[in-house]
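Enquirer: Model the following, please.
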Amino acid sequence: MRQDDKNAFEAWLWGEVLLLGLLGASLALFVAYPTLRTSYSLPALHLVLQTLFTLAAAIVALLTGVRFSVDGRRLDLLLSGGFFAAAASTLLFAIAPVLGGQALERGEAWAGVAGHLIAFGLIAAAPFTSGRVRSRERALGNMIAGLALALVAVWFTCRSLGTTLPELVPEGHDQPPFLLTGAFGAQALENLVAMVGFGLRFRNRGSDLDRWLALGATLMLFASLHYLFTPLGSSGAVSQGDFLRVLAYGVLLVGVWRAIRFSEFGRAVAEERARVAREIHDGLAQYLFAISTHVSMLEAGAPLETAVPRLKEAAGLAQQEARFAVLALSSASGSAPFDAALRRYVEFLTADGQLEVELEIDAAIQLAPDEQIEVFRIVQEGLANVRKHAGARRAEVTIGQRAGRRIVRIRDDGSGFDGRASRAGQGLKNIRARAASIEGGFTLRSRPGWGTALEVTLRA
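Expert: Numbering: from 1, shown residues only. Have a look, this model is predicted:
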């Protein structure tokens, strides 16, 4: 374990110990003094809280399902299934039956208890799984379908048992039936297993999501213990356990959302690596290949007066491309300001006096990281076309605004061409593709004898 991860785990562990102590002390207070009023008969608030549980569990199920569709981890599959079962159980067995003002029937109440046992069981198993699933859509579909069938089977079973099941809150009794006590005890055990499992995963892997899941499982654990040790006075009662469950779902939502944001950042890093590899392949690697070819020609006995100038030219171009690549990548990564890197590139390009370039960058223009590298390459490609094909003496590069839109414009005083008669070269195709990659528009105006002007309109 790295030192940073070790410090993060120790900080989490001490926070967890403090939370366990506070929640344990409050629970002990209510258990030791039964005269304290621990529940309130508020059917309307009870229904509102059940709706919050359903929405929160459904959102967590959706977010973990999205994360599973991207990464394919079995952990996310079980989490998505577990929270889906929790949301469906609450909706079908606690909310829907009472929307018309009817009382909750015994079979439906017990079906809700059984559904939550299934849900917490899947969540408790999640931290002990590893690996990825290849067929993600099929696996997620099978999980949802299997849970739906299981909940339907639980509902039919509890409905068929009917009056043989005890009342959840018997009239005139302070203690719930033994079967309900056992069910809440099993839920508490499942939450304890989840808390320990996610804590161990956080210690071993240092994942930020595991820390939040362990915290949420801790709150769920004490919610179950409150249901176990402080019985409800009626089916519409609200107790401390309900508010702890609200906090637990809030923590879980924050943790899963952060995990998805980190996943997006990880994908962005992977895309950036792929882009760097593409830049090296398209630029520097081509010149290095040319150098290798000329060296092979020398080894084969090619005349020195022919091969050496070409070898020197290829080496110079490779050196220049390496400088350009470093400037482009440093500007995109934030280690060099974009405008400074672009100005240095223009200085390199115009050092031999063959082309004069006037560069104008609006200080108010802000470019996203992906826009910086593509705009840099668009300017590079455009000016390379000016040097190679336009026969121009002067070019203007403007990065500014017009009519509220950000634009990049390159104009030259070269020979120009008839766009209707001539097909676009590879350079212009590259510029068009780069503009499209950052959701920009591309226009080109040229006429023989009047130069060329190309313009890229950046996304809003």
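
Enquirer: which element is residue 448 on?
Expert: If you go by DSSP states H and E, residue 448 is not part of any helix or strand.

Enquirer: Need the phi and psi values for it.
Expert: Backbone geometry at residue 448, expressed as degrees, to the nearest 10, gives phi -50, psi 130.

Enquirer: nearest spatial neighbour of it, skipping sequence neighbours?
Expert: Excluding its sequence neighbours, the residue lying closest to residue 448 (Cβ to Cβ, 6 or more residues apart in numbering) is residue 416, at 5.0 Å. For every residue, glycine as well, the C-beta is placed using N, CA and C.

Enquirer: Which element, helix or strand, includes that neighbour?
Expert: When the helices and strands are read off by DSSP H and E, none of them contains residue 416.

Enquirer: which residues does residue 59 contact?
Expert: Contacts for residue 59 (Cβ atoms under 8 Å, 6 or more residues apart in numbering) come out as residue 253.

Enquirer: hmm, back to that, what sits against the residue nearest to residue 448?
Expert: Taking Cβ under 8 Å, 6+ apart, we find residue 416 in contact with 390, 446, 447, 448, 449, 450, 451, 452.

Enquirer: Hmm, residue 415 and the third one touching each other?
Expert: No - the criterion here is Cβ atoms under 8 Å, and residue 447 misses it with residue 415 at 10.0 Å.

Enquirer: just to revisit the earlier point, can you redo the contacts of residue 416 as CSV with pLDDT?
Expert: Listed next are the contacts of residue 416 as CSV, based on pLDDT from 0 to 100:
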residue, pLDDT
390, 75
446, 84
447, 81
448, 84
449, 78
450, 83
451, 85
452, 88
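
Enquirer: got a winner among the residues you listed for most neighbours?
Expert: The residue in these with the most neighbours, by other Cβ atoms under 10 Å, is residue 452 (25 neighbours).

Enquirer: Please report phi then psi for the closest residue to it other than its chain neighbours.
Expert: With sequence-adjacent residues excluded and distances taken as Cβ to Cβ, 6+ apart, residue 452 is closest to residue 446, at 4.0 Å. Dihedral angles of residue 446 (phi, psi; degrees, to the nearest 10) stand at phi -150, psi 150.

Enquirer: what sits against residue 446?
Expert: Counted by Cβ under 8 Å, 6+ apart, residue 446 has contacts 416, 417, 418, 419, 452, 453.

Enquirer: Name the helix or strand for residue 398, please.
Expert: Element membership of residue 398, judged by DSSP H and E, is strand 394-402.

Enquirer: Any chance you could list what contacts that strand?
Expert: Outside of strand 394-402, the residues that reach it under the criterion Cβ under 8 Å, 6+ apart are 346, 355-362, 364-365, 375, 379, 382-383, 386, 406-413.

Enquirer: if I pick the closest residue to residue 139 other than its chain neighbours, what's in contact with it?
Expert: Taking Cβ to Cβ, 6+ apart as the measure, residue 139 lies nearest to residue 133, with 4.6 Å between them; neighbours along the chain are not counted. Applying Cβ under 8 Å, 6+ apart, one finds that residue 133 lies in contact with 68, 72, 73, 74, 77, 139.

Enquirer: Phi, psi for the closest residue in space to residue 8 that isn't next to it in sequence please.
Expert: Ranked by Cβ to Cβ, 6+ apart and with sequence neighbours excluded, the top spatial neighbour of residue 8 is residue 206, at 6.6 Å. Here the main-chain torsion angles of residue 206 (degrees, to the nearest 10) amount to phi 70, psi 20.

Enquirer: Residue 12 is in contact with residue 206, correct?
Expert: No - taking contacts as Cβ under 8 Å, residue 206 lies outside contact range of residue 12: 10.1 Å.

Enquirer: ok, for residue 31, nearest residue in space, not its chain neighbours?
Expert: Take residue 31 and drop its neighbours on the chain: the residue closest to it by Cβ to Cβ, 6+ apart is residue 229, 4.9 Å away.

Enquirer: make that residue 53, sorry
Expert: Take residue 53 and drop its neighbours on the chain: the residue closest to it by Cβ to Cβ, 6+ apart is residue 90, 5.1 Å away.

Enquirer: mind listing the strands in the protein by residue range?
Expert: Counting by DSSP state E, the segments of the chain that form strands are 39-41, 237-239, 356-361, 394-402, 405-412, 441-446, 452-457.

Enquirer: Kindly reformat those as TSV containing distance to residue 222.
Expert: Below are these laid out as TSV (distance: least, Cβ to Cβ, whole Å):
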stretch	distance to residue 222
strand 39-41	16
strand 237-239	12
strand 356-361	58
strand 394-402	56
strand 405-412	53
strand 441-446	57
strand 452-457	56
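
Enquirer: These: which one's closest to residue 341?
Expert: The stretch from the strands of the chain with the least distance to residue 341 (Cβ to Cβ) is strand 356-361; that distance is 11.1 Å.

Enquirer: What angle do strand 394-402 and that closest one make with each other?
Expert: Computed with axes from the mean of the first three to the mean of the last three Cα atoms, to 10 degrees, the direction of strand 356-361 lies at 10 degrees from that of strand 394-402.

Enquirer: for strand 356-361, packing partners?
Expert: helix 338-349, strand 394-402 (3 or more Cβ pairs under 8 Å, 6 or more residues apart in numbering; DSSP states H and E).

Enquirer: Could you list the alpha-carbon positions for the longest one in CSV?
Expert: Which is helix 338-349. Taking Å, rounded to 0.1, in the frame of the first residue of the first chain, the C-alpha atoms of helix 338-349 are listed here in CSV:
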residue,chain,number,x,y,z
PHE,A,338,-1.6,27.9,-25.1
ASP,A,339,-0.9,31.3,-26.6
ALA,A,340,2.8,31.2,-25.6
ALA,A,341,3.2,27.7,-27.1
LEU,A,342,1.5,28.8,-30.4
ARG,A,343,3.7,32.0,-30.6
ARG,A,344,6.9,29.9,-30.1
TYR,A,345,5.7,27.6,-32.9
VAL,A,346,5.2,30.5,-35.3
GLU,A,347,8.7,31.7,-34.4
PHE,A,348,10.2,28.3,-35.3
LEU,A,349,8.2,28.2,-38.5
